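Q: Quick check, what structure comes out for this input:
(one chain, ligands or ions: 1)
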Amino acid sequence: MIDQGVLYLLRKESPFFDSPIHGLKHWQTVERNAHYLASFNNADIEVLSYFAYFHDCMRENEGRDKGHGPRAAVFAKQHRDLIPLNNIQFKQLTDACKGHTYGERPDCITINTCWDADRLDLLRVGIIPKAEYLYNKEAKRIADENDFLHLNEYEVMPKFGKLNEAPAKTKKVVFDVDHTLIDEKGESVRPGIIELLKSLKDNGIELAVWTASFKARSEPILRNLGLIEYFSE
Ligand SMILES: [Fe+2]
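A: Just a heads-up that it's a prediction; the model follows:
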């Protein structure tokens, strides 16, 4: 498991965070596969974990998104200060992300293990991983013997917490519209509201509106007063 702050960042920024194909579920499986393979080699499990969570985080679609690996590397660099890896580990992470779909095999057991761990989860999209596209001996064995279920018995190494540990829940604040966000006539925003909404949003709080009025009335008012952009619901 990676740092909770990084997980929070990914939850906020990754378009497919909730996708079963390229989101959190897949990342957790890649991490588990990677740690399993690392029990047979000297790959760096910290880099493996961060690769698992970053490599698909900047996908723009769930098909052939050719640039998603390099974009993930750029995203990691933009948030370097949040990622608790040393510079050598961080370079391995970004190289692994950058090349994980189209890159040449490097001479690095950690990067090769990252890529094998990702490929061992291809069954989720109906592709049977082939040994010829895998690097680790144990990964090849799994593919050759069709022993993929064996991976389910394994858990992420304890240093990173339990595989199924739930990520921190997002906090949400619900605002009433009339007399709270706006005045009684719907003509102006009440004092301090914009500053309050900005501050809550900057602190990662999800915002929602509730009203006893009709949506057809409230929505245009919130839009005209520049408030709608603050709310997700
Ligand atoms: Fe992946």
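Q: contacts, neighbours, all on C-alpha from now
A: Fine.
Q: tell me the residue furthest from the middle of this structure?
A: Centroid-distance maximum for the chain: Lys185 at 42.6 Å, with C-alpha atoms, centre = their mean.
Q: Tell me how far that one lies from Ile88.
A: Using C-alpha to C-alpha, to the nearest Å, we find Lys185 at a distance of 60 Å from Ile88.
Q: What residues sit buried inside stretch 96-107?
A: Ala96, Cys97, Lys98, Gly99, His100, Thr101, Arg105 (16 or more other C-alpha atoms under 10 Å).
Q: Would you mind listing the outside residues contacting that stretch?
A: By C-alpha atoms under 8 Å, 6 or more residues apart in numbering, the residues outside stretch 96-107 that reach it are 51, 54-55, 66, 68-73, 111-112, 114-115.
Q: just stretch 128-139 next, same as before
A: So stretch 128-139 is contacted by 37, 40, 112-113, 115-116, 119-123, 140-141, 143-144 (C-alpha under 8 Å, 6+ apart).
Q: how long is it end to end?
A: Using C-alpha to C-alpha, one end of stretch 128-139 lies 13 Å from the other.
Q: Show me what counts as buried in that stretch.
A: For stretch 128-139, a neighbour-count test (16+ other C-alpha under 10 Å) marks Pro129, Lys130, Ala131, Leu134, Asn136, Glu138, Ala139 as buried.
Q: ok, now stretch 207-216?
A: Leu207, Val209.
Q: now that stretch: mean pLDDT?
A: Mean pLDDT, stretch 207-216: 86.
Q: Pull the distance from it to the chain's centre.
A: 31 Å (C-alpha atoms, centre = their mean, to the nearest Å).
Q: Just the residues contacting the helix or strand Asp116 falls within, thanks.
A: Following DSSP states H and E, one finds Asp116 within helix 109-119. Taking contacts as C-alpha under 8 Å, 6+ apart, the residues outside helix 109-119 that touch it are 30-34, 37-38, 41-44, 47-48, 51-52, 92-93, 95-96, 100, 105-106, 129, 134-136, 139.
Q: could you redo the last one with a cut-off of 6 Å?
A: The contact list for helix 109-119 (C-alpha atoms under 6 Å, 6 or more residues apart in numbering) reads Val30, Asn33, Ala34, Ala43, Asp44, Leu48, Ala96, His100, Leu134.
Q: how close does the second one get to Arg217?
A: The one in question is Asn33. Asn33 sits at a distance of 52 Å from Arg217 (criterion: C-alpha to C-alpha).
Q: And those two? Which one has more around it.
A: For Asn33 and Arg217, the more surrounded residue by other C-alpha atoms under 10 Å is Asn33, and the numbers stand at 28 against 10.
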